[in-house]
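# Show me the folded form of this:
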Amino acid sequence: MERKNVIKEKSFAFAIEVVNLYKVLAEKKEFVLSRQMLRSGTSIGANIREAEHAQSKADFIHKLSISLKEANETEYWLDLLHQTKYLSEIDFQNIKPKITELLRLLTSIVKTSKNI
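You can find the predicted model right below:
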């Protein structure tokens, strides 16, 4: 039986939410900030997928460190979209805990991987 990869699953689910949120923001004619959020938000999972087939431990840590940076950037764009009223309170309260969790998980994985 294949072991569940929680970070892979959560980052993919998050990417789907980011894409759907981008569609909502596009309807509001907000393209610049939301495009940045779309790019960084979908990049988190893409780099996690790349890390699955890393060539070395250093490559694995590097890919996950990029995911961590992208998650941090995504949190910035979400906060900015919320503070500028493009992102509703409901949408923000729905997605904010998910990016916070991804940041926590990635930070933990990177730190643990560096210490092994």
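
# Only C-alpha atoms from now on, for both contacts and neighbour counts.
Will do.

# mind listing what Asp59 touches?
Ala51 (Cα atoms under 8 Å, 6 or more residues apart in numbering).

# May I have the predicted confidence score for it?
Asp59 is assigned 97 on the pLDDT scale.

# cool, Lys4 as well?
In the predicted model, Lys4 carries a pLDDT score of 89.

# Is it in a helix, a strand, or coil?
Assigned by DSSP: H, G, I helix; E, B strand; the rest coil, the conformation of Lys4 is coil.

# State the distance from it to Lys10.
In this structure, Lys4 and Lys10 are separated by 11 Å, where distance is defined by Cα to Cα, to the nearest Å.

# Give the other helices and strands that the host helix or strand of Ser43 contacts.
Ser43 is part of helix 32-52, with elements assigned from DSSP states H and E. Contact analysis of helix 32-52 by 3 or more Cα pairs under 8 Å, 6 or more residues apart in numbering; DSSP states H and E lists helix 6-27, helix 57-83 as its packing neighbours.

# Give me the more crowded residue out of Lys4 and Lys10.
Legend: neighbour count by other Cα atoms under 10 Å for Lys4 and Lys10, higher for Lys10 (17 against 8).

# Count the neighbours of the closest residue to Ser65 other than its chain neighbours for me.
Taking Cα to Cα, 6 or more residues apart in numbering as the measure, Ser65 lies nearest to Val110, with 6.6 Å between them; neighbours along the chain are not counted. Val110 has 18 neighbours, counted by other Cα under 10 Å.
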